[in-house]
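Enquirer: Sequence first, predicted coordinates after that:
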Amino acid sequence: MRRARALDGRPVLRLDNGFQIRLYNLGAALALCLACGALAALAVSIGAQDAGLADLLRSLTGEPLDPASAYALWTVRLPRIVIGFLAGGAVALSGAVLQSLARNPLADPGLFGLNQGSMVAIMLLLVFLPAAPREILPLAALLGGLGVGLLLIWLVGGARSGGLAILLMGLAVETLLSAVTSILILYTPPETSYGLSAWLAGSLFQANWSGAAAFAPWFAVGLIGIAVFGRSLAVYDLGPDMARAIGEPVARSRPLILVFAVLMSSTAVSAVGPLTFLGVLAPHLAAFVSPATGRARLVLSSLMGGALVVASDCLLRGLPSTTALPIGLAITLVGVPLFMITLRLRTLRRLQAP
């Protein structure tokens, strides 16, 4: 490993195998990791039970805690933190992938209809097979999302289609599936309809260690995807025609990248419900912190997504106990003002540029 400079003159760390990391991207990733650690420490300490980080550290050293504190820390708060980071990272990762694929900064799993496909599959399972084991919900979400992804690939005509065609077709599919979702909510029994409506808003209320254990392997797939598809996504940012000219096998890589995005979004939906707008917010906020492409952009987006979800959950649990808000709404309250501020700062920066 040695320090060098990229073609644009910026400092990088270059490995012996030719792989290089821009130093400002590395610094941003470390800063986001520290922010995630601080948010986790804060989230451990928020709740009705008077237990916090000091109690957790004592528990890790073998000192026994009273049953109420142990339950609050190990059964309620820590699973929420873990699943929040995993789900937020997965949705942000999926959004960053889809934005490169479509070359559209507003692309995210919801806009492509992937979230809706997962939601409709889960809702059909809950409505028509209410006794089905909850362990198969991730599989149903995956099948629903993959079904929409494969439908998009078929409808837009494969490798020769442009990003705009994929985006517009995704909007059409998303609109159709939203209508199906509304019908299912309207014409199901009231108790089922209420439960579906609460889940559709996104929630970490039912987070537990078994859910985290089921989610972790899929998140590991996301980490592998970062390594495998990072270079291809950097090429896709140049456009499909340029990607073909460089030698990217678009006919093979585009469907695989889309399947990878579906895996991330559908498993997050099955764990916490849809996280509205997070797939757009996190990559843009990460780009404001440190502009990046390829693998670096995916890593930074994933860290930012996890941080936003845990910060939103801290906001929810810091509210009075009589106030109940879905995590999706909290993400909007936390993320959208940050998004607006970053857009305003970018505009001022461009206006002041010579």
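Expert: Sure thing, it's come through. Numbers count the residues shown, from 1 in each chain.
Enquirer: From now on I want contacts and neighbour counts done on CA atoms only, so please keep to that.
Expert: Will do.
Enquirer: Quick check: what element follows the longest helix seen in the chain along the chain?
Expert: If you go by DSSP state H, the chain has its longest helix at helix 209-236. Downstream of helix 209-236, the next assigned helix or strand under DSSP states H and E is helix 240-246.
Enquirer: Which of the residues in the helix or strand where Ala70 lies are classified as buried?
Expert: Assessed by DSSP H and E, Ala70 sits inside helix 67-70. Using 16 or more other CA atoms under 10 Å as the test for burial, helix 67-70 gives 69-70.
Enquirer: Following element in sequence after that helix, please.
Expert: The helix or strand immediately downstream of helix 67-70 is helix 78-102, counting by DSSP H and E.
Enquirer: by contact count, what packs against the helix or strand just after that following helix?
Expert: Once the chain leaves helix 78-102, the next helix or strand it forms, by DSSP H and E, is helix 114-128. Contacts defined by 3 or more CA pairs under 8 Å, 6 or more residues apart in numbering; DSSP states H and E place helix 114-128 against helix 137-156, helix 163-186, helix 190-200, helix 250-272.
Enquirer: distance between helix 114-128 and the chain's centre?
Expert: Distance, stretch centre to chain centre, for helix 114-128: 19 Å (CA atoms, centre = their mean, to the nearest Å).
Enquirer: Tabulate the CA atom coordinates of it in PDB.
Expert: The C-alpha coordinates for helix 114-128 follow below in PDB (Å, rounded to 0.1, in the frame of the first residue of the first chain):
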ATOM      1  CA  LEU A 114     -39.700  -3.100  -6.300                       C
ATOM      2  CA  ASN A 115     -41.000  -2.100  -2.800                       C
ATOM      3  CA  GLN A 116     -44.600  -2.400  -4.000                       C
ATOM      4  CA  GLY A 117     -43.900  -5.900  -5.500                       C
ATOM      5  CA  SER A 118     -42.600  -7.100  -2.100                       C
ATOM      6  CA  MET A 119     -45.400  -5.500  -0.200                       C
ATOM      7  CA  VAL A 120     -48.100  -7.000  -2.400                       C
ATOM      8  CA  ALA A 121     -46.600 -10.400  -2.100                       C
ATOM      9  CA  ILE A 122     -46.500 -10.100   1.700                       C
ATOM     10  CA  MET A 123     -50.000  -8.700   1.900                       C
ATOM     11  CA  LEU A 124     -51.400 -11.500  -0.300                       C
ATOM     12  CA  LEU A 125     -49.700 -14.000   2.000                       C
ATOM     13  CA  LEU A 126     -51.100 -12.400   5.200                       C
ATOM     14  CA  VAL A 127     -54.600 -12.000   3.800                       C
ATOM     15  CA  PHE A 128     -55.100 -15.400   2.100                       C
END
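Enquirer: Much appreciated, bye for now.
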